[in-house]
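K.L.:
Using only what follows, build the 3D model:
(chains A and B)
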Number of protein chains: 2
Amino acid sequence: MSSPVKRLAVLGSTGSIGRQTLDVVRALPERFRVVGLAAGRNTALLAEQISEFKPKFFYYSSDNKDKETRTRLSAMGCRFLSLEDMVRHPDVDTVVMATSGTAGLSATLAAVKAGKNVALANKGSLVVAGEIIIGEAGQSGARIMPVDSEHSAIWQCLNGERQTARRIILTASGGPFRDYSEAQMAGITVEQALKHPSWQMGKKVTIDSATLMNKGLEVIEAHWLFNIPVDNIEVLLHPQSIIHSMVEFIDGSVKAQLSYPDMRLPIQYALSYPDRLANPALPFIDWANLTGLTFEPPDTDRFPCLRLAIEAGKSGGTCPAVLCAADEAAVELFLSGRIRFMDIAHLVERVLEQHKKVDHPDLNEIMAAGAWARERILNLICGDD
Amino acid sequence: MSSPVKRLAVLGSTGSIGRQTLDVVRALPERFRVVGLAAGRNTALLAEQISEFKPKFFYYSSDNKDKETRTRLSAMGCRFLSLEDMVRHPDVDTVVMATSGTAGLSATLAAVKAGKNVALANKGSLVVAGEIIIGEAGQSGARIMPVDSEHSAIWQCLNGERQTARRIILTASGGPFRDYSEAQMAGITVEQALKHPSWQMGKKVTIDSATLMNKGLEVIEAHWLFNIPVDNIEVLLHPQSIIHSMVEFIDGSVKAQLSYPDMRLPIQYALSYPDRLANPALPFIDWANLTGLTFEPPDTDRFPCLRLAIEAGKSGGTCPAVLCAADEAAVELFLSGRIRFMDIAHLVERVLEQHKKVDHPDLNEIMAAGAWARERILNLICGDD
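P.N.:
Predicted coordinates for the structure are as follows:
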């Protein structure tokens, strides 16, 4: 049996998922205690969080040797620890990995090797290094608990089932451009792309949702989390974002998980698993006002990122690492106004075409593939090729 | 662990559910063996089934001391046993209770007292004697496994969950008269009422589906099966009959079970539980051709039977027994052309109003209440009141 109070280290506490994790802790103080907080550069919010939750440990990205901030935060009664030391610490039961991009990979691996429960909101880690992370978890007994709404839905549907899924139906809102024509898609602005119809998220994830790259990364993540071939994962557009994903079993029965779009639910489920907890802040579906749920297949001509991600997932090896790094670089270029929306996919596709895949890569090979991909993107943009 | 081959007694083998149970056995002969078959008066089909499945035991309703049939069936190499002796027999692992109406109550109780696994398709038993059956199962350790598509859906959604449901959302196709006006409903013919849009079923259940009485009985059944107050069970019309019911948990998460309407799936799930088995005869949902799922609240003005059943469920005691018996009698009168469709509810309501409820009734009191209700219906029709 688990301890009645779970002690959490929240990595990426000032980001969207991190802040919502702290909302869950606020609502259920008798069940969760924050013992570690780690942020990037938003030290103002981190200081507020430290003052409220009084963790034992903290971390922030102090590249510039900013001794003054560290001294000020340490004066609040907690200790600066590296991410790796924090997640391994015996006072930590569960690590919430809510850093964005591939930044959290090394901390995720440290937590997994230490056999911790890892509530994983960081998509990059599993996409680029799924084979390594799942392998290490198998050895250490670490439990990886998905925080993404889609993977949480799948996990909930698989709960109690003896057999694995025959097929996973990963739902997607379709993003703000679901019904755009090709001509309209050519002119998408940054402002338009940052408006997601159902979810409030960070900028990078919002753009990835608009291109459906995000859904493709989720396919790769589901492949690793649930040990199911990429070919058995189907993406289905579901604009209402009420069904968060479905699992089809060998007897033809399908289970679906439904809720209003609210990330606090999958966050809380990962933290409370295998229990469920009442939380007055979480809404119940009002069926009288929910008249219909619709579905349609995705159009990979208008959303080539989805196809690219699924292909990279099938190829495996270093391809997903290249996909992620190329996408990260391309989205940055789009956000800074240097390329158009549809160029994101074009650039990622060209880089993937040029990549020489390494099978069963180690971490160095994964990092090298990512660095190579980012460099290729910049070269393509600067017209060196 | 359960034995690799489950030995089944199928009670009601010549009815709709019974025949589909035998379809499942036919598809999975390495997992299931029929050791007992029991039918009503369709001895021609029973003889065919005996010849195909070669059970050890058989039973049929031989009110008229039809020695000749019994001798002929016995000559096929199996033994005539009473329903009670059959379900208690040590060679039987799982009893499929697929008799219609309240006829199967005594056999259900015998199976439950003997600690058998009971795949329960007979609605009447739990509705009229839920308190007794669930109490006996608690003592004997018998497992009651629902075969109804709705209750199977709820059971599947609760699988692996530690907490009970906060709310059950029982879906209903709405039957053939979902969109009828009150004026149209006044003129419904027997022929119209026997055409159900989604399910192929026996006559009584088809009429009960058209009046929504069936859905009300399912509410009472769900109350007993899943230990949840009637007030926490909501009925939602869902004309596509794809979502077979849903469970809402305390954290706001909802799980739904989906499949095409095919009774073989819930039958097979009850027989294979906790495993799922591949069966080439069972269809998989084709998402590309399933564009939408819709929902609407039921109208209890046009479908008063739903309200009457829910009220009887809340009242408890002998009220559900009176409801069932009155409905059975009223449906017979409708089928024989003696009353109109909307009179079914009027008659049932009048009988319920006249009933003096007995709380925590024993079997005799339940039977007496049913007999009283049937007599009242006939008196009301003959104009004695």
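K.L.:
closest point of the stretch 101-250 of chain A to chain B, which residue?
P.N.:
At 1.8 Å from chain B, residue A:160 is the closest residue in the stretch 101-250 of chain A, using C-beta to the nearest C-beta. Where you see a C-beta, it was placed from the backbone N, CA and C, and this is true even at glycine.
K.L.:
Does the residue nearest to that residue when sequence neighbours are not counted belong to a helix, a strand or coil?
P.N.:
Spatial nearest neighbour of residue A:160, excluding adjacent residues (C-beta to C-beta, 6 or more residues apart in numbering or on different chains): residue B:160 at 1.8 Å. Under DSSP: H, G, I helix; E, B strand; the rest coil, the three-state class of residue B:160 is coil.
K.L.:
wait, residue B:160 sits on residue A:161?
P.N.:
Yes: the pair residue B:160 and residue A:161 qualifies as a contact (C-beta atoms under 8 Å) at a distance of 6.9 Å.
K.L.:
ok, the two, which is more surrounded?
P.N.:
In this view residue B:160 and residue A:161 are compared by other C-beta atoms under 10 Å in any protein chain shown, and residue A:161 has more residues nearby, 18 against 15.
K.L.:
Okay, domains of chain A per the record?
P.N.:
A:6-146, A:162-259+A:297-382 (automatic domain parsing).
K.L.:
Take the ones you listed and write them to a markdown table, including mean neighbour count and mean pLDDT.
P.N.:
Converted to a markdown table, the domains of chain A look like this (neighbours: other C-beta atoms under 10 Å in any protein chain shown; pLDDT from 0 to 100):
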| stretch | mean neighbour count | mean pLDDT |
| --- | --- | --- |
| domain A:6-146 | 20 | 92 |
| domain A:162-259+A:297-382 | 20 | 95 |
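K.L.:
Can you lay out those as JSON lines showing distance to chain B?
P.N.:
Shown next, in JSON lines, are the domains of chain A (distance: least, C-beta to the nearest C-beta, whole Å):
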{"stretch": "domain A:6-146", "distance to chain B": "10"}
{"stretch": "domain A:162-259+A:297-382", "distance to chain B": "4"}
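K.L.:
residues in contact with the biggest strand by length in chain A?
P.N.:
The residue-count maximum for a strand in chain A (DSSP state E) belongs to strand A:32-39. With C-beta atoms under 8 Å, 6 or more residues apart in numbering or on different chains as the test, strand A:32-39 has contacts from A:5-15, A:18, A:22, A:24-25, A:45-46, A:49-50, A:53-61, A:81, A:83, A:86-87, A:89, A:91-92, A:99, A:107, A:271.
K.L.:
Ok, stretch A:204-212 next?
P.N.:
A:100-101, A:172-177, A:188, A:193-194, A:196, A:199, A:201, A:213-215, A:217, A:235, A:298, A:303, A:305-306, A:327-328, A:331, A:334-335, A:341, A:344-345.
K.L.:
Could you list which of the contacts of strand A:32-39 belong to strands?
P.N.:
A:6-11, A:57-60.
K.L.:
so which of the residues you listed would you say is closest to residue A:140?
P.N.:
residue A:9 (16.5 Å; C-beta to C-beta).
K.L.:
all helices for the stretch 201-350 of chain A, in order.
P.N.:
Along the stretch 201-350 of chain A, counting by DSSP state H, counting those that start in this stretch, helices occupy A:203-211, A:213-225, A:264-272, A:304-315, A:319-335, A:341-354.
K.L.:
out of these, which comes closest to residue B:352?
P.N.:
Comparing those by C-beta to C-beta, helix A:264-272 comes nearest, at 41.5 Å.
K.L.:
send the alpha carbons of that closest one over as PDB?
P.N.:
Extracted C-alpha coordinates of helix A:264-272, given in PDB (Å, rounded to 0.1, in the frame of the first residue of the first chain):
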ATOM      1  CA  ARG A 264      -6.200  18.800 -13.700                       C
ATOM      2  CA  LEU A 265      -8.100  15.500 -14.100                       C
ATOM      3  CA  PRO A 266      -5.300  13.500 -15.800                       C
ATOM      4  CA  ILE A 267      -2.800  15.100 -13.500                       C
ATOM      5  CA  GLN A 268      -4.800  14.200 -10.400                       C
ATOM      6  CA  TYR A 269      -5.500  10.700 -11.700                       C
ATOM      7  CA  ALA A 270      -1.700  10.000 -12.200                       C
ATOM      8  CA  LEU A 271      -1.100  11.300  -8.600                       C
ATOM      9  CA  SER A 272      -4.000   9.400  -7.000                       C
END
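K.L.:
quick revisit: measure the residue nearest to residue A:160 to residue A:155 for me?
P.N.:
11 Å (C-beta to C-beta, to the nearest Å).
K.L.:
and what of residue A:33?
P.N.:
24 Å.
K.L.:
Now do the most centrally placed residue in chain A against residue A:224, distance only.
P.N.:
Nearest to the mean C-alpha position of chain A, by C-alpha atoms, centre = their mean, lies residue A:123 at 3.2 Å. Computed with C-beta to C-beta, the distance linking residue A:123 and residue A:224 is 11 Å.
K.L.:
Residue A:323 reaches residue A:309, doesn't it?
P.N.:
Yes: using C-beta under 8 Å, residue A:323 is in contact with residue A:309, at 6.0 Å.
K.L.:
So for the two, which residues contact both of them?
P.N.:
What both residue A:323 and residue A:309 touch, as defined by C-beta under 8 Å, 6+ apart, is the set A:216-217.
K.L.:
where do the strands sit along the stretch 51-200 of chain A?
P.N.:
Using DSSP state E, counting those that start in this stretch, the strands found in the stretch 51-200 of chain A span residues A:57-60, A:79-80, A:94-97, A:117-120, A:143-146, A:167-172.
K.L.:
between those, which one is nearest to residue B:275?
P.N.:
Here strand A:167-172 is closest among those (C-beta to C-beta), at 18.0 Å.
K.L.:
Just give the strands next to the closest one in its sheet, each with its orientation.
P.N.:
strand A:233-237 (parallel), strand A:243-248 (antiparallel) (DSSP bridges).
K.L.:
Can you pull out the residues in contact with the last one?
P.N.:
This points to strand A:243-248. By C-beta under 8 Å, 6+ apart, strand A:243-248 touches A:149-154, A:157-158, A:161, A:165-171, A:254-259, A:266, A:293, B:256, B:258, B:284-285.
K.L.:
Do you know the pLDDT at residue A:385?
P.N.:
Residue A:385 carries a pLDDT value of 53.
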